[in-house]
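K.L.:
Turn this into a model:
(one chain, ligands or ions: 1)
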Amino acid sequence: MDNFQLRDGALHAEDVPLAAIADAVGTPVYVYSTATLARHVAVFREALAGIDNPLIAFAVKANPNGAVLATLARAGLGADVVSGGELARALHAGVRPQDIVFSGVGKTAEEMAQALDAGIGQFNVESEPELDMLSAVATARGVTAPVAIRVNPDVLAGTHSKISTGGADNKFGIPYDRALDAFAHVAALPGLEVRGVAVHIGSQLTDLGPLEAAFGRVGALIAELRAAGHTITTADLGGGLGVPYDPAKPAPPSPAAYGAMVRRATAGWDARLIFEPGRLIVANAGVLVSRVIRVKQGANAPFVIVDAAMNDLLRPSLYDAYHAIEAVAPTGQRETVNVVGPVCETGDTFATGRTMDHVAAGDLVAFRTAGAYAASMSSTYNSRALTPEVLVSGDRFAVVRERPSIRSMVEADVLPDWLA
Ligand code: LLP
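P.N.:
Next comes the predicted model:
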């Protein structure tokens, strides 16, 4: 359930017609719903009922917009960050430093220093050399870094290969079999306080089985670590729960089913649980509104050419991802079309052989489930300006990221003196 619904024959974001936003801001434009964000936070919290004081650290990479982050921070969420940029955005949005965890295989010494100075809650360390670097950076600053070790449980997540992270050949985490040695290594290093274990096996998971298997391995490891004398106070279970994209497909497991599985899998762990949901919180809280530039007859089906492209919404090109596409003012007259963008690549295709309501040049369409990994993965390919973002709350809306001017894009490049 989300807050993008038809009213009087026109798609609205909460109480605002999408057409009004498109007219005021131009297209393409990302539109987010505050009410849907709040609802997803509430649903996830509710799903974790009975778990003592969980930390819900929103995976900032899914949607780093400052207004979205501020909305989530005010709802009490922490943040899972993977770069100095994400850390700065989370802090700026008002996320409490102690509620921030720092993930990622390639943290630099500068990023570590930035996070130590901010006083973040936990570094999820992914390799032995990273432990050495963090120890050196913390020692040089005279502080102690709170550390969890991310283990690679060697579990197949059953999702798209490009977003699976828990297999032995993926770059993430320390191999499960080396985990005990890694913890012994930490204990011998100055400047580190080891406190937990972290795991994240992939994204858009549609089956709880692999997650439960991974959590089972984490539970066994926690017991072994404690037996070896380590103090384990946190267990970070990552993100990954999938969301519905294609209404014709069975829905992924509900947050409630996920919560029940977590309670079962973590019973008796006696550790503070950390969660890093990204997609679940934001995906269906956003749409991408685009205008049809023209319709061109193809050899087989018409090409509906819209003013959004793969640079704005990369997921279909990169992962063959499905996004529902709806006419903002549906006519009820159905037809089968290909929906494409203006970029000069065949991969700039949003849908092939899609049956949807008839649209003509000038009409608006909405790409659904575009709140996660959408604006955050956009680029300026083909020298197209980044798409602006709008946040709706009830009958109000605000531009929360402006569309850059073409002039600012052109002037960002600097000529060397021999060309000036
Ligand atoms: N924690 C860690 C360590 C992660 O790497 C990720 C996502 C998350 C949490 C959040 O996962 P979520 O709850 O959103 O599934 N660009 C891809 C998704 C990449 C996910 C990367 N890591 C897509 O558009 O499908």
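K.L.:
How about the residues of the stretch 151-300 of the chain by the ligand?
P.N.:
163, 165, 200, 203-204, 238-240, 276-280 (C-beta under 6 Å from any ligand atom). Every C-beta, even on glycine, is put in place using the N, C-alpha and C of the backbone.
K.L.:
if we take these, which one ends up nearest to Asp154?
P.N.:
Thr165 (11.3 Å; C-beta to C-beta).
K.L.:
So the closest one is in contact with Gly202, correct?
P.N.:
Yes - in this structure, Thr165 is within contact of Gly202 by C-beta atoms under 8 Å, at 5.0 Å.
K.L.:
Compare these two (neighbour count), which wins?
P.N.:
Shown here are Thr165 and Gly202; by other C-beta atoms under 10 Å, Gly202 has more neighbours (27 against 22).
K.L.:
sec struct for the nearest residue to the more buried one once chain neighbours are set aside, please.
P.N.:
Closest residue to Gly202 apart from its sequence neighbours, by C-beta to C-beta, 6 or more residues apart in numbering: Ala157 at 3.3 Å. The three-state label given to Ala157 by DSSP: H, G, I helix; E, B strand; the rest coil is coil.
K.L.:
Burial check on Ala157, number of neighbours?
P.N.:
26.
K.L.:
Give me the common contacts of Thr165 and Gly202.
P.N.:
Common neighbours of Thr165 and Gly202, using C-beta atoms under 8 Å, 6 or more residues apart in numbering, are Ala157.
K.L.:
how about the residue nearest to Gly202, what does it touch?
P.N.:
164-167, 201-202, 205, 210-211, 240.
K.L.:
cool, and Leu211?
P.N.:
Counted by C-beta under 8 Å, 6+ apart, Leu211 has contacts 157, 201, 205, 237, 240-241, 258, 261.
K.L.:
mind running it again at 10 Å?
P.N.:
153, 155, 157-158, 166, 199-202, 205, 237-238, 240-241, 253, 258, 261-262, 265 (C-beta atoms under 10 Å, 6 or more residues apart in numbering).
K.L.:
Kindly report the same for Gly242.
P.N.:
159, 202-207, 251-253, 258, 279-280, 283 are the contacts of Gly242 under C-beta under 10 Å, 6+ apart.
K.L.:
returning to what we had before: out of the residues of the stretch 151-300 of the chain next to the ligand, list just those in helices.
P.N.:
Within those, residues falling in helices by DSSP state H are 279-280.
K.L.:
tell me the pLDDT at Lys107?
P.N.:
Looking at Lys107, its pLDDT is 98.
K.L.:
Please verify my assumption that it contacts Met133.
P.N.:
Yes - under the criterion of C-beta atoms under 10 Å, Lys107 makes contact with Met133 at 7.9 Å.
K.L.:
Which one's more surrounded, the two?
P.N.:
Between Lys107 and Met133, Lys107 has the larger neighbour count (other C-beta under 10 Å), namely 24 against 16.
K.L.:
For Val137, see how far away that one is.
P.N.:
As defined by C-beta to C-beta, to the nearest Å, Lys107 lies at a distance of 9 Å from Val137.
K.L.:
list residues touching both of the two?
P.N.:
Ala115.
K.L.:
Skipping adjacent residues, who's closest to Thr71 in space?
P.N.:
Sequence neighbours aside, Leu37 is the residue nearest to Thr71 in space, at 5.4 Å (criterion: C-beta to C-beta, 6+ apart).
K.L.:
Buried residues of the helix or strand where the one you found lies, list them for me.
P.N.:
Assigned by DSSP states H and E, Leu37 falls within helix 34-47. Within helix 34-47, the residues that count as buried by 16 or more other C-beta atoms under 10 Å are 34-41, 43-45, 47.
K.L.:
so what's the residue in the stretch 1-150 of the chain that the ligand sits nearest to bridging to?
P.N.:
Nearest residue of the stretch 1-150 of the chain to the ligand: Ala59, at 3.4 Å (C-beta to the nearest ligand atom). In this entry, Ala59 is beta-bridged to Asp80, by DSSP bridges.
K.L.:
what residues are up against the closest residue to Gln98 other than its chain neighbours?
P.N.:
Spatial nearest neighbour of Gln98, excluding adjacent residues (C-beta to C-beta, 6+ apart): Gly121 at 4.5 Å. Counting by C-beta under 10 Å, 6+ apart, Gly121 makes contact with 55, 57, 78-79, 96-102, 115, 146, 148, 195, 234, 274.
K.L.:
Could you rerun that using 6 Å?
P.N.:
Residues near Gly121 by C-beta atoms under 6 Å, 6 or more residues apart in numbering: 98-101.
K.L.:
Need these in CSV (columns: neighbour count and pLDDT).
P.N.:
Formatted as CSV, the contacts of Gly121 follow (neighbours: other C-beta atoms under 10 Å; pLDDT from 0 to 100):
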residue, neighbour count, pLDDT
Gln98, 13, 98
Asp99, 21, 98
Ile100, 25, 98
Val101, 26, 98
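K.L.:
Now those residues in TSV, please, with extra columns for distance to the ligand and secondary structure.
P.N.:
TSV is the format used below for the contacts of Gly121 (distance: C-beta to the nearest ligand atom, whole Å; DSSP: H, G, I helix; E, B strand; the rest coil):
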residue	distance to the ligand	secondary structure
Gln98	18	helix
Asp99	15	helix
Ile100	13	strand
Val101	9	strand
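K.L.:
These: which two are farthest apart?
P.N.:
Taking C-beta to C-beta as the measure, the contacts of Gly121 reach their widest spread between Gln98 and Val101, a distance of 10.1 Å.
K.L.:
Past the longest helix belonging to the chain, which element shows up next along the chain?
P.N.:
Counting by DSSP H, the longest helix found in the chain is helix 208-227. For helix 208-227, the succeeding helix or strand toward the C-terminus, using DSSP H and E, is strand 234-236.
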